[in-house]
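1. Whatever this is, show me its structure:
(one chain, ligands or ions: 1)
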Amino acid sequence: MNFHVLTLFPEMIEQGLNTSIIGRALEKELLTLQTVNIRDFAENKHNRVDDYPYGGGAGMVMAPGPVYRAFQHVKDQIISKKPRVIYLTPQGQVFNQNLAEEFAKEEDLVFLCGHYEGIDERALELIVTDNVSLGDYVLTGGELAAMVVIDAISRLVPGVLNNDTSAEFESFQDNLLEYPQYTRPEEFMGKKVPEVLLSGHHAKIDAWRREQSIIRTVNQRPDLLEKAVLNKKEKKFLEEYRN
Ligand code: 6GU
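-> Sure thing, here's the model as predicted:
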């Protein structure tokens, strides 16, 4: 997977992603990350990339030229045909695991990060294929959102997680939240690890974890439960838990 990020703050992206699991995956070249500073594509003396909005109003707008040229620069280096270009904006489709899985199939992904009051609409019309939001709140720029999306996609790329089953078993894969985890010591501040986890009885442990997932989902994300697939026994457990 090759990530390309068009931004006014490339160091923010680079520093944010060169740590821990994603940092290691970049070192191993399972992922590549190219940041392109939009300011390098300004063509005026002071490298200005923003200007006043036509029609008036507060704030500044990123001019179309530098954004368009920064994109062409990236596109010229990509072998694979037309890359998907993801613009991070609160006006986009809300990001979720399904979208992460869809993006993870691509060879190259281009991210466009805006600042100020946004980007000239014509540049967006010319280059953007996907508008993506993290949710209903407003960030100062698209960089943090791009990093969130890149992180979620990266962990789906084969080899990025050291353990090849953990990505598929985690939250949202089956629309249930994760069960609670425990490690040593067996007792901490008077609180014991649930007995079943010490039993070595794998079928019982699996059943208990499934029940815990169901309990958490009922209590914290009842909206998810509608999409969860439960077997007969689990449905009965849910019924009884609710009563
Ligand atoms: Cl993707 N960008 C910005 N600027 N704000 C956001 C967002 C994205 N998602 C939620 N708020």
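2. How far does the longest strand along the chain sit from its chain's centre?
-> The residue-count maximum for a strand in the chain (DSSP state E) belongs to strand 84-94. Offset of strand 84-94 from its chain centre (Cα atoms, centre = their mean, to the nearest Å): 12 Å.
3. Quick one: residues in contact with stretch 84-103.
-> Applying Cβ atoms under 8 Å, 6 or more residues apart in numbering, the contact partners of stretch 84-103 are 71, 106, 109-114, 118-119, 124, 127-139, 142-143, 145-146, 148-149, 152-153, 156, 172-173. For every residue, glycine as well, the C-beta is placed using N, CA and C.
4. Just the buried ones from the residues you listed?
-> 71, 106, 109-114, 118-119, 124, 127-128, 130-134, 142-143, 145-146, 148-149, 152-153, 156, 172 (16 or more other Cβ atoms under 10 Å).
5. Which members of those residues additionally contact the ligand?
-> Taking Cβ under 6 Å from any ligand atom as the test, the ligand is in contact with 132-134, 142, 145 out of those.
6. Just the element for the spatially most central residue of the chain, please.
-> With distances taken as Cα atoms, centre = their mean, the chain has Val149 as the residue nearest its mean C-alpha position (2.4 Å). Val149 is located in helix 143-154, with elements delineated by DSSP states H and E.
7. Just the strands from the chain, written as ranges.
-> For the chain, the strands defined by DSSP E cover 2-7, 32-37, 50-51, 61-62, 84-94, 108-112, 130-133, 187-188, 191-192.
8. Contacts only, for the nearest residue to His115 once chain neighbours are set aside.
-> Residue nearest to His115 in three dimensions, not counting chain neighbours: Gly141, with 4.4 Å by Cβ to Cβ, 6 or more residues apart in numbering. Gly141 makes contact with 8-9, 113-115, according to Cβ under 8 Å, 6+ apart.
9. what packs against the longest helix anywhere in the chain?
-> Counting by DSSP state H, the longest helix found in the chain is helix 202-220. Applying 3 or more Cβ pairs under 8 Å, 6 or more residues apart in numbering; DSSP states H and E, we find helix 202-220 packed against helix 222-225, helix 232-242.
10. what does the chain put close to the ligand?
-> Listed as neighbours of the ligand in the chain under the rule Cβ under 6 Å from any ligand atom: 88-90, 132-135, 137-139, 141-142, 145.
11. Hmm, Ser154 is touching Ser20, no?
-> No: under the criterion of Cβ atoms under 8 Å, Ser154 makes no contact with Ser20, lying 10.8 Å away.
12. Between the two, point out the one with more neighbours.
-> Shown here are Ser154 and Ser20; by other Cβ atoms under 10 Å, Ser154 has more neighbours (22 against 9).
13. give the contact list for the more buried one.
-> Taking Cβ under 8 Å, 6+ apart, one finds 1, 21-22, 25, 31, 160 in contact with Ser154.
14. run the last query once more with 6 Å
-> Neighbouring residues of Ser154 by Cβ atoms under 6 Å, 6 or more residues apart in numbering: 22, 31, 160.
15. again with Pro180
-> Here Pro180 is in contact with Gln212 (Cβ under 6 Å, 6+ apart).
16. can you give me phi and psi for it?
-> The phi/psi pair for Pro180 (degrees, to the nearest 10) reads phi -70, psi 150.
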